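Q: have a look at this prediction, sequence included:
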Amino acid sequence: MSTIKITSDNFEKEVLKSDKPVLLDFWAAWCTPCKMVSPVIDEIAGEVTTAKVGKINIDEQPELAAAFGVMSIPTLAVMKNGKIVNSMVGVRPKASILKMLA
């Protein structure tokens, strides 16, 4: 599966009502560390079948970034049953990101 572009319009359907955990990547086009982690997120989306992977552009979706208290990017968060169960800030190796989903 590929990454899902998460917006305020599809957030409830894709994240809150998801029957699988959702890995969210909060990013922006001008963010160099975000560009470094993006291919890793895309790779994970193509490999993992037990979770969804979504990307939230904080410039396009400032209300979602504010709702999650995102102060630095990239911020990665895993949501299960509508609640954040794990999160981290900054560029991380693929193994660390996968561990968030375990």
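A: Okay, I see it. Numbering: from 1, shown residues only.
Q: mind telling me which residue is nearest the centre of the protein?
A: Centroid-nearest residue in the chain: residue 24, 1.3 Å away (criterion: C-alpha atoms, centre = their mean).
Q: quick check on that one: phi, psi?
A: Dihedral pair for residue 24: phi -110, psi 130, per degrees, to the nearest 10.
Q: what separation do you get for residue 19 and residue 28?
A: 29 Å (C-beta to C-beta, to the nearest Å). (Each C-beta comes from the backbone N, C-alpha and C, glycine too.)
Q: which of these two has more residues huddled nearby?
A: residue 28 (15 against 6; other C-beta atoms under 10 Å).
Q: just give the closest residue to the residue nearest to the centre of the chain, not the sequence neighbours.
A: Among residues not flanking residue 24 along the chain, residue 77 sits closest, at 4.7 Å (C-beta to C-beta, 6 or more residues apart in numbering).
Q: which of the helices or strands spans the one you found?
A: Using DSSP states H and E, the element containing residue 77 is strand 75-80.
Q: from residue 101, how far off is residue 78?
A: Going from residue 78 to residue 101 by C-beta to C-beta gives 6 Å.
Q: I'd say the residue nearest to residue 24 and residue 86 touch.
A: Yes - taking C-beta atoms under 8 Å as the contact criterion, residue 77 and residue 86 are neighbours in contact, 7.1 Å apart.
Q: let me see the ranges of the strands in the chain.
A: Taking DSSP state E as the criterion, the chain carries its strands at 4-5, 22-27, 52-57, 75-80, 83-89.
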